[in-house]
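K.L.:
Provided below are the primary sequence and the corresponding predicted coordinates.
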Amino acid sequence: MAKKYDINEVEVWDGNYAASQALRQAQVDVVAAYPITPSTPVVENYGNYVANGYIDGEYVMVESEHAAMSGCIGAAASGGRVATATSSQGFALMAEVLYQASGMRLPIVLVVVNRALASPLNVRGDHADMYLGRDSGWIQIDAFNAEEAYDLTLCAFRIGEHMSVRLPVMVHQDGFITSHTAQNIHPLSDEAAYKFVGDYKGVDDMLDFSKPVTYGAQTEEDWHFEHKAKQHKALMDSRTVIDGVFAEYGKLTGRNYKRVESYMMEDAEVAVVGLGSTVETLRVAAKQLREEEGIKVGIVAPRCFRPFAFDEMADALSGVKAIAVLDRSSPGGAMGAFFNEVSAAVLSSANRPLVTNFIYGLGGRDFSIQEAKRIIREQKAHADAGHITTQIQQFSGLRGPKLGFFEAKRS
Amino acid sequence: MVEIRWHSRAGQGAVTGAKGLGDVVSTTGKQVQAFALYGSAKRGAAMRAYNRIDDEQIINHEKFMLPDYVLVIDPALAFSDNIVENDKETTKYIITTHLSKEELMSQLPELKEREERVYVVDCIKISIDTIGRSVPNAPMLGAFVKISGMFELDYFLDRMKKVLSKFPQKIIDSNMDAITIAYNEVK
């Protein structure tokens, strides 16, 4: 029996510590990990809890992130609750095995502390690794602050392990900005947290010798497509489960999450759509601009990056004239991937808003309230003019000459 | 919103100091934020840590800040770092130095212009005398408690003891001494 851990009603925890406490409270059986900045403390703390008797679990040291996820797959297929954490290059090295985990329908929880991808080498937060995971078949949930990293890690076990989901779940938080920023957190008691997460229920456990099963089988053109389609459908169908888990967590804590989070959108004329900790900074800017300049601006953000809430995103933005979509990942010769997804969603709505794309914050470049306000004012200018008055893709916060691409050909 | 910027070298405990301050502030019912900007992430490299304190939940994640307090816990950084960056007309400075305030200001004209808002305390010496090694974060907290008037000293000491509760009694006691001496000596 694991020892009890003293927790106060209000704690001052950073995002890493918060996530590691969620792993402890969920009594994760196995963590196979190869620590990497800035997510190191998540698994380091787990190892600490195991060593000091606060978890009946096992910390498996491995030789790479590829091996870490492979170890997680083995443990999950055997029939245990499994989690790990990674960032950036580690995530990239894990990429091959991420697809194995989702294809085998193993409900592993991966705490991803978002960090830029080299080269040039950089340890700070951007969303390059999160974007790298977007077609991997994992559910991807995004925390905007440390308390949310705690909440959503607990929710991730419930979602992934749900009998009609059985998919791995990533819980994202921004490197340093969230992972290393300590803030007030209101954790659940160990009892309440474990009661919410519940006992792990196995499906086709390899250690159940009475029912031998195969994991990682080969299928060619005869069945591969059907497996992938089923996996996609499971992701799409997980939406209602996610809503249900969020609702239940809301009742428990008063903290209510939605797959698309809207802020001040009721009467908004323009909107900014973002991801991660930026969303909160955008909310500060929006509130101030409403008071100072009377600009009717709202902020929209997907809580769930995957499955992407195509319809809720369109609904949230159905009343606005101009939208800025913020991508914190180098687009590599295209429009930002998030811009493309939001644009596709609003294309199916009647209002056909003017949508522009900002690439910002790469490698941890600061995103200030002043810059957020500048972007919002620009959206207001588009809305007033009835057409896009700038280039469609712009770089925000970049040093040197202004960089942007593409002119609008419609009003 | 109260904003605090710590100037430190990696390893001097600015992050621990900022988090410790956050811990204590949170017990008063206020909302806090404590974070750091690491330079090259090497021991001894110049770095900055930050606190925000407010009555409402802090959702501002920008690194940019107009500090109300600047806490310098390494003596040389007053000379080599731009400690007056983005300051306000009310920003208060607490600087670790073995120099007197007059001697320090005679060498740093930008501090002379802010004379009535500059306070000095020798956190290095205090920590060596009490804790036995150079960890200037704890005494800086004592100096901050005095200058900010944010807490009564006894309240702060009592809460800080709880924050440090996992350490041996000797370390807790020496930290309390360091905080108290700095509280009394800062000027």
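P.N.:
Arrived safely, thanks for sending.
K.L.:
Give me the neighbour count for residue 103.
P.N.:
Using chain A. 20 (other CB atoms under 10 Å in any protein chain shown). (Each C-beta comes from the backbone N, C-alpha and C, glycine too.)
K.L.:
that answer is for a different chain, and I need it for chain B
P.N.:
12.
K.L.:
tell me the domain ranges of chain A?
P.N.:
A:11-253, A:260-405 (automatic domain parsing).
K.L.:
between these, which one is nearest to B:Thr16?
P.N.:
Nearest of the domains of chain A to B:Thr16, taken as CB to CB: domain A:11-253 at 10.6 Å.
K.L.:
and the end-to-end length of the closest one?
P.N.:
15 Å (CA to CA, to the nearest Å).
K.L.:
quick one on the thing from earlier: can you list the domains of chain A in TSV and add mean pLDDT and distance to B:Val145?
P.N.:
Below are these laid out as TSV (pLDDT from 0 to 100; distance: least, CB to CB, whole Å):
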stretch	mean pLDDT	distance to B:Val145
domain A:11-253	97	17
domain A:260-405	97	29
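K.L.:
Now the ones you listed in JSON lines, please, with extra columns for distance to chain B.
P.N.:
Listed next are the domains of chain A as JSON lines, based on distance: least, CB to the nearest CB, whole Å:
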{"stretch": "domain A:11-253", "distance to chain B": "4"}
{"stretch": "domain A:260-405", "distance to chain B": "4"}
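K.L.:
To B:Tyr50, which of the ones you listed lies closest?
P.N.:
Smallest distance to B:Tyr50 across the domains of chain A (CB to CB): 8.8 Å, for domain A:11-253.
K.L.:
Run the chain-centre distance for that closest one.
P.N.:
How far domain A:11-253 lies from its chain's middle: 11 Å, per CA atoms, centre = their mean, to the nearest Å.
K.L.:
cool, and stretch A:378-386?
P.N.:
Using CA atoms, centre = their mean, the offset of stretch A:378-386 from its chain centre is 31 Å.
K.L.:
which other residues reach it?
P.N.:
A:269-272, A:295, A:297, A:320-324, A:354, A:356, A:388-390, A:411 (CB atoms under 8 Å, 6 or more residues apart in numbering or on different chains).
K.L.:
now those: which count as buried?
P.N.:
By neighbour count, with 16 or more other CB atoms under 10 Å in any protein chain shown, the contacts of stretch A:378-386 hold A:269-272, A:295, A:297, A:320-324, A:354, A:356, A:388-389 as buried.
K.L.:
need the helices for the stretch 1-150 of chain A, in chain order.
P.N.:
Secondary structure of the stretch 1-150 of chain A (DSSP state H, counting those that start in this stretch): helices at A:15-25, A:40-51, A:65-78, A:88-103, A:128-132, A:146-161.
K.L.:
just the ones you listed: most buried one?
P.N.:
Burial of the helices of the stretch 1-150 of chain A is given as mean neighbour count (mean count of other CB atoms under 10 Å in any protein chain shown); helix A:15-25 ranks first at a mean of 28.
K.L.:
Report the inter-axis angle for that helix versus helix A:40-51.
P.N.:
30 degrees (axes from the mean of the first three to the mean of the last three CA atoms, to 10 degrees).
K.L.:
Which strands or helices does helix A:15-25 pack on?
P.N.:
Secondary-structure packing of helix A:15-25 (3 or more CB pairs under 8 Å, 6 or more residues apart in numbering or on different chains; DSSP states H and E): helix A:40-51, strand A:109-114, helix A:146-161, strand A:169-174, helix A:190-197.
K.L.:
Extract the C-alpha set from it and format it as PDB.
P.N.:
Extracted C-alpha coordinates of helix A:15-25, given in PDB (Å, rounded to 0.1, in the frame of the first residue of the first chain):
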ATOM      1  CA  GLY A  15       3.300  22.500 -14.400                       C
ATOM      2  CA  ASN A  16       5.900  19.700 -14.200                       C
ATOM      3  CA  TYR A  17       5.300  19.200 -10.500                       C
ATOM      4  CA  ALA A  18       1.500  19.300 -11.000                       C
ATOM      5  CA  ALA A  19       1.600  16.700 -13.700                       C
ATOM      6  CA  SER A  20       3.800  14.400 -11.600                       C
ATOM      7  CA  GLN A  21       1.400  14.700  -8.700                       C
ATOM      8  CA  ALA A  22      -1.400  13.600 -11.000                       C
ATOM      9  CA  LEU A  23       0.700  10.600 -12.000                       C
ATOM     10  CA  ARG A  24       1.200   9.800  -8.400                       C
ATOM     11  CA  GLN A  25      -2.500  10.200  -7.500                       C
END
